[in-house]
Structures are given as C-alpha cells and as structure tokens.
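J.: Have a look; sequence and predicted model below, questions after that.
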Amino acid sequence: MSAAVQGRAGGRRIRPFDWRHNPGFGFFTALIMLFLYVPLVVLVVFSFNANHFVTVWTGFSLHWFVRVAHNGDIRHAAYISVIVGVMATICSTMIAIAAALGFERGGSFRGETSAMGLVMMPLVVPEIVTAITTLIFFSSIGFHYGVLNLVIAHTVFCIPFAMLPIQARLRAIGTGYEDAARDLYGDEWRIFLRITLPLMVPGIMAGSILAFVTSLDDFLISFMVSSAGSTTLPVYVYGMMRLGVTPEVNAISAILLVISAALALVAFLISRPNEAGAAAGGTVAATTN
Amino acid sequence: MLHMAALKTSTDGDRARMASVALSDADRPVTRMVPQPDPLRHLIEVVQVEKIFGDPTNGHKALEAINVSIEEKEFFTLLGPSGCGKTTLLRMIAGFEHPTTGEIRLQGRDVASLPPRTRPVNMVFQNYALFPHLTVAQNVAFGLEMLNWKKPDIAARVNETLALVKLDTFRQRKPAQLSGGQQQRVALARALAPRPQVLLLDEPLSALDLKLRREMQFELKRLQRETGITFVLVTHDQEEALAMSDRLAVMNTGRIQQIGTPEEIYDNPANRFVADFIGEANLIPGAALGRNASVVIAVRPERVALASPDMPARLRGVVDSATFLGSDTLMEVTVPSGRVRARIRGAARLAPGTEVGLAWPADAERELAD
C-alpha cells in the first residue's frame, strides 16, 4: 500500500502493471502447464507400451491399438457414440440456429435476458444434477428407447455449445448486409437463404463441431441414460476400468483425445475473427490502385 | 446499345422535367422555405415529419418539422454536421426508419409506413455493405433477382450497369479483392441496376482519400446525368455539397435551416448557422456597425477590402497577421467587436500592429437575426 502511495506521489514512477515482469510468474505458468499436460503425455506414451503394465515402460508396440480395433464391444460403443454425436449435433445445431437468430435478429423482447439464461443453463448447472433429472424424467414418463434417449439428452446439453459461436458470428456480421438486401427488394425468407445463412456458415461449422465434441466426450449423462444396447464409448471405457486398467484404455483414450483435439482445432480455425467475410462488414479502408 | 438506352431514359426524363418546370415556374416563390405539397409536381415530398427516438414524450427528438420536396432528375443534398438528423431523414426515405408523425410521399403516395422493399428507391450505404460471399456480378444482379427478372434480362442489365461504372472486367471478383474506389463503384452499380426512381447516397465518399473523392464527385454527376435518376446525397462536407448539388437542404439539430441552390445558400444564408457552416463568414454584431443591436451582419472574407478614398472604412482595427497565399492574402484584423478575416487579392504585406480600415460594398452584407 505504501508503495502505491509513493508511486502516485512520485509521479513519473506510475506505469501500467505488467504481469510478465512479476517474479515467479514464469515458473508458476510452467507448473500449471506441467500439471495440465504431463498426465496426457504419459497416457499417450503408455498406449504404445509393449507390456500390459500402465506404469512400467518396456518397449514400443502398436499392440494395444490392434486389440482395440479387434474388440467388437469397443467398436459397437464407438458406433453408438458417433451415431448419438451426429444426431445430437444435427438437432442441437438446428435449434441453436433458430435460437441465435431469435436473440440477434428478433429485436428485443420481454424476458430476453431470462431466456438467454435458460438456454445457457446447462453450462452452469452441475452435470450430475442434469444427469439425474434426465434419468428421473425419462423413467417417470416411461420413455425407454435406448439410443433415442441418448440423442434427446445430448441434444439438450449441446444447444448452448452450438449456439455461442453462431450467435457471435451473427453479431459480427451485423445487420448491414440484410438491410442492403431489404433495400434491394428482398423478402425476409430469400434474404435468409441468400445472405444471412451463407454468411453464418463459419459460425454454424464451429458450433456443430463444438456440439459434436461435447457429445462425444460426455460421460455422466450418458452413464445415467444409456441402457444395455446403447453404451457410449466413455461409458464403456469406465466399465473396462473397473475390471483393471490395461493399456487398451490408454489406446482408446489416445484416439479420443486426438479426435477431440483435431475437431476443436478445426472449430477454432473456422470461427477465428479477422476473416475476410467479417472484415468486409466493418469500415472498408480506402485504397487507390 | 448502352448509350441508346441511357439516351432513351434521359429524353423521357427530359420531357417529364420540362412538364414539371412549365407547371412550377408560374407560381414558384423565389425562396421556398415551406414547400406546399402537390402530388402532381414533386417526386418526393416530406411533409411535417417528426422523429422521436425512445419514449414519445421525453425521448430524443431527432427530427422536427421537416418539410422538403425533391424534384425528378434533381441532385439534392442533405448537408449538416454529424448528429443533425440528415442520415435519419435519408433512412426514412429508404424505409429503414419510420416517422413518428408526418408523411413521406413518393409520387404523391404516402409510403411512410411501408418497408424498404416496396419502395422504388435504392441506397448506397456508407460502408457499401457489398455481399462478401457473392461476386461483383452477383452483387449487381441481386436486386433484379429479387424482382424476379428473367435470367437473360438480368445478364443484360448487369453488363450494361457494370459498363456504366467502368467495372466490366471485374465481374468475377469478390468484393474483398477490390480497392475502396472499386467497391464504391460496385455499390453504385448494385443500387442503380434496378433503375430506381431515387438513388440515396449515405456519405458515399467519406471512406475515400481526397484524390479519389474528387474523381468520384465527377463520376456521380456523370452517372446522374446519364441515368436521369434523382440522387439524394447525405454529407457533412460543404464543399462537396456546393460542388455537386442542384439544390441542398442545410440541417442542424434536427431542423432544416435552409433549402436552396448552392448559390442562393452561399449568397443569402438564412441565419447565423448557415452563414457560419457554408464557407467562411465574419459575423459582426449589429451594434458595432451602428445598426440594431439584435442583428448580426455576415460578410464573406473575400468581400472585405482595405479602405480606400472611394470606399470609406466601415470598421477600424489593428492587423493581427497577414498570410500571403499566392493569389490572395489572408488578413486577421482585431476590431473593437472581435476579429475580422479578410481575403485580399494580391500581396498586401502589412506588418502586425498596422492600423487599417476595412470596407465592403453594401451588397456584401447580410443582416441575420441573432
């Protein structure tokens, strides 16, 4: 406190606080990175272990990946995961497009903030609560249709993930292009198909990829909702772990990790701002040539 | 082919214009502050328009008592500082804003509550708003497609319009691949392609650099001549407004201050704001010149001369500075009531501190209510 007072009194010593020149900041950052990523590296490394121990390295082998590929149960669980993921992605993205259009282009309406809060609720409610309530809901109305249950549950919690990038994209586009189309005799439906929808595509791609990754990675809700014939991959992996951990689990996890990371990267690249489309909506810099 | 088409529209338009002139000359007052609505005569009429944003009782009053008539084939400019309501008025003619009270008539029909797509009016937006995912040709064709034109007709009109703005070789480019000046031309072509009755231009030249802006001023005049379409331009640049307009409306704080030809407005400013905003003006309190204390006398600097035997001084003062500008000398003279600027032809190197008399002919001064 006294330093701050002195700084103010000294006049020229005042300068913006700079995190990077804080002692120990680099070390602290390195420590966080270590805790975050070393377990992942270890997991991937041991998936190539020739031994069936998860902690003792003996030699390089693709044995466990071959085992995974030949395991019919794993293949079935992966198939269920992909089916559920694709269906939930399609449904949640379509709902998310409608919701984003409502929020960004529907004008202000009563209870807009509350509606936004309700849509975003799955992001803040503890997943275990959502999982249990979903299970109770399905049981109480006697809705037991295996994969369909999973698709419905996944669609619901994927909506906010799909909606955020779409809404951000709509906001970035602005209403200028649509106004121009209205001025050029366009009716609302054709403006949507010819102007708004094509310009939304990067946001839709990013949103649907995020939704798919979220669905693929989900464990708690899938665990509660899935039944005998409809086990998703994460739920199946959990079942395997109870029988003892083998590098087979490492191999599945490594595959899931790579797929998720790759999809997340694609989503990030697509939704990056400063793309030509978004830039043209702002002020156009004048050049002579 | 293109020229024939342009010629055809312009002769048709000329006939219409001659008719309207013949009608209007007989009973036209010299300065029309409040044009009387007459559905037969005017292309656009804005009648007693008021616009309040927000709450109707204590919201922000953007426009007040607006009355304007714009004629066919006219180049009309709405001129004023930012926030004066000129863009709001333009957006009302386009249909993006609706007046709180009053009427907007297009060819005598009240369109105030109709959406933009029902009005034969197109707009060139300030940031152009070219569709980034469509090519130049697709951008220009958009309005025609929305009007359900046939494909061959669309192709012909797109070619014709791109030739008109000299962009024939860029049809397959995307807007991001064009320079600012070229994007401006595409925006013009897109708005002109459906041959609207009115073209609205919202500060179209503000994003261009000075040289390009001069060039586009000539281009806009040429396009207006060749197409015979009424242009309504919004700008805050008084030089641009004086150079391009047939008539202009000077606006401030949501009200129209004066409507007239550039000459009328420059020579006969209606009030203190117009005198000050258009060109340069010395505003001298009436009392300093032995007149009524409630008036202000406006004199353009270029009309002020140094007193001579045949032109007795109206004011005496002390030279503050004299700047030689080549053809003129700009003098700042401190007089008892303040400061007067004089633009004197040729070199007049007077040292600061020299006592001078200032004179001007009687027809150089305008008496304005303070």
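T.: Structure's in. What do you need?

J.: per-residue confidence averaged over stretch B:114-126?
T.: For stretch B:114-126, mean pLDDT is 93.

J.: now the end-to-end length of it.
T.: 23 Å (Cα to Cα, to the nearest Å).

J.: Mind listing what's buried along that stretch?
T.: By 16 or more other Cβ atoms under 10 Å in any protein chain shown, the buried positions in stretch B:114-126 come out as B:116-117, B:119, B:121-126. All C-beta atoms are positioned from the backbone trio N, CA, C, and that covers glycine.

J.: can you redo the residues you listed as CSV with secondary structure and distance to B:Thr354?
T.: Formatted as CSV, these follow (DSSP: H, G, I helix; E, B strand; the rest coil; distance: Cβ to Cβ, whole Å):
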residue, secondary structure, distance to B:Thr354
B:Pro116, helix, 61
B:Arg117, helix, 66
B:Arg119, coil, 61
B:Val121, strand, 58
B:Asn122, strand, 58
B:Met123, strand, 55
B:Val124, strand, 52
B:Phe125, coil, 53
B:Gln126, coil, 48
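
J.: For those residues, which two are the farthest from each other?
T.: Farthest apart among those by Cβ to Cβ are B:Arg117 and B:Gln126. That separation is 20.2 Å.

J.: What ranges in the stretch 151-300 of chain B fall below the confidence cut-off?
T.: By pLDDT under 70, the stretch 151-300 of chain B has no low-scoring segment.

J.: residue contacts, residue 109?
T.: Going with chain A. Contacts here follow Cβ atoms under 8 Å, 6 or more residues apart in numbering or on different chains; on that basis A:Phe109 touches A:Ala115.

J.: go on, the one 3 residues further on?
T.: For A:Glu112, the set of contacting residues under the criterion of Cβ under 8 Å, 6+ apart consists of A:Phe103.

J.: ditto for B:Ala137
T.: Residues counted as contacts of B:Ala137 (Cβ under 8 Å, 6+ apart) are B:158, B:162, B:171-172.

J.: Among the buried residues of stretch B:114-126, which ones lie close to chain A?
T.: When Cβ under 8 Å from any Cβ of the partner chain is applied, the members of the buried residues of stretch B:114-126 adjacent to chain A are B:116-117, B:121-123, B:125.

J.: coming back round to it: name the member of the buried residues of stretch B:114-126 with the shortest distance to B:Thr227.
T.: Using Cβ to Cβ, the shortest approach to B:Thr227 within the buried residues of stretch B:114-126 belongs to B:Asn122, at 11.5 Å.

J.: Disregarding flanking residues, what is the spatial nearest neighbour of the residue of the stretch 101-250 of chain A found nearest chain B?
T.: Per Cβ to the nearest Cβ, A:Leu184 is where the stretch 101-250 of chain A lies closest to chain B, at 3.6 Å. The shortest distance from A:Leu184 to any non-neighbouring residue, by Cβ to Cβ, 6 or more residues apart in numbering or on different chains, is to B:Gly143 (3.6 Å).

J.: for B:Ile44, same thing?
T.: The spatial neighbour of B:Ile44 that comes closest, neighbours along the chain excluded (Cβ to Cβ, 6+ apart), is B:Ile70 at 4.1 Å.

J.: what does A:Arg171 give?
T.: Leaving aside its sequence neighbours, A:Arg171 sits nearest to A:Glu104 (Cβ to Cβ, 6+ apart; 5.9 Å).

J.: For the one you found, which residues are in contact?
T.: A:167, A:170-171.

J.: if you set the cut-off to 10 Å instead, what comes out?
T.: A:166-171, A:173-175, A:196 (Cβ atoms under 10 Å, 6 or more residues apart in numbering or on different chains).

J.: low pLDDT regions in chain A?
T.: In chain A (pLDDT under 70), the answer is A:1-14, A:19-20, A:54, A:272-289.

J.: how about the strands in it?
T.: For chain A, no strands turn up when DSSP state E is the criterion.

J.: Spell out which residues make up each domain of it.
T.: What automatic domain parsing lists as the domains of chain A is A:22-61, A:65-288.

J.: quick one on the thing from earlier: how many residues are close by the residue of the stretch 101-250 of chain A closest to chain B?
T.: Using other Cβ atoms under 10 Å in any protein chain shown, A:Leu184 is surrounded by 28 other residues.

J.: what's the spacing between B:Asn148 and B:Asn122?
T.: 17 Å (Cβ to Cβ, to the nearest Å).

J.: Sorry, wrong one. I was asking about B:Met146.
T.: 11 Å.

J.: Mutual contacts of these two, please.
T.: Joint contacts of B:Met146 and B:Asn122 (Cβ under 10 Å, 6+ apart) are A:183-185, B:194.

J.: hmm, back to that, deepest-packed of the domains of chain A, please.
T.: domain A:65-288 (a mean of 18; mean count of other Cβ atoms under 10 Å in any protein chain shown).

J.: what sits against the residue nearest to the spatial centre of chain A?
T.: Centroid-nearest residue in chain A: A:Leu210, 3.4 Å away (criterion: Cα atoms, centre = their mean). By Cβ under 10 Å, 6+ apart, the contact set of A:Leu210 is A:89, A:92-93, A:96, A:158, A:160-166, A:263-264, A:267-268, A:271.

J.: Now do the SS call for B:Glu45.
T.: Assigned by DSSP: H, G, I helix; E, B strand; the rest coil, the conformation of B:Glu45 is strand.

J.: Now it: closest residue in space, sequence neighbours ignored.
T.: Excluding the flanking residues, the one nearest B:Glu45 by Cβ to Cβ, 6+ apart is B:Arg105, at 4.2 Å.

J.: and if you look at A:Gly239?
T.: Nearest residue to A:Gly239, sequence neighbours excluded (Cβ to Cβ, 6+ apart): A:Thr231, at 7.5 Å.

J.: which phi and psi does the one you found have?
T.: When read as degrees, to the nearest 10, the backbone of A:Thr231 gives phi -100, psi 130.

J.: how far out from the middle of the chain is stretch A:240-250?
T.: Relative to its parent chain, stretch A:240-250 has a centroid offset of 26 Å by Cα atoms, centre = their mean, to the nearest Å.

J.: Pretty sure the residue of the stretch 101-250 of chain A closest to chain B sits against B:Leu130.
T.: No: judged on Cβ atoms under 10 Å, A:Leu184 makes no contact with B:Leu130 at a distance of 11.5 Å.

J.: what touches both of these two?
T.: Common neighbours of A:Leu184 and B:Leu130, counting by Cβ under 10 Å, 6+ apart, are B:139-140, B:142, B:190.

J.: I'd like the list of those that fall within helices, please.
T.: Among the shared contacts of A:Leu184 and B:Leu130, DSSP state H puts B:139-140, B:142, B:190 in helices.

J.: Out of the residues you listed, flag the one nearest to chain A.
T.: B:Phe142 (5.3 Å).

J.: What does the pLDDT read for that closest one?
T.: With respect to pLDDT, B:Phe142 has a value of 97.

J.: Phi, psi for the closest residue to it other than its chain neighbours please.
T.: Spatial nearest neighbour of B:Phe142, chain neighbours left out: A:Leu184 (5.3 Å); criterion: Cβ to Cβ, 6+ apart. Main-chain torsions, A:Leu184, degrees, to the nearest 10: phi -90, psi 40.
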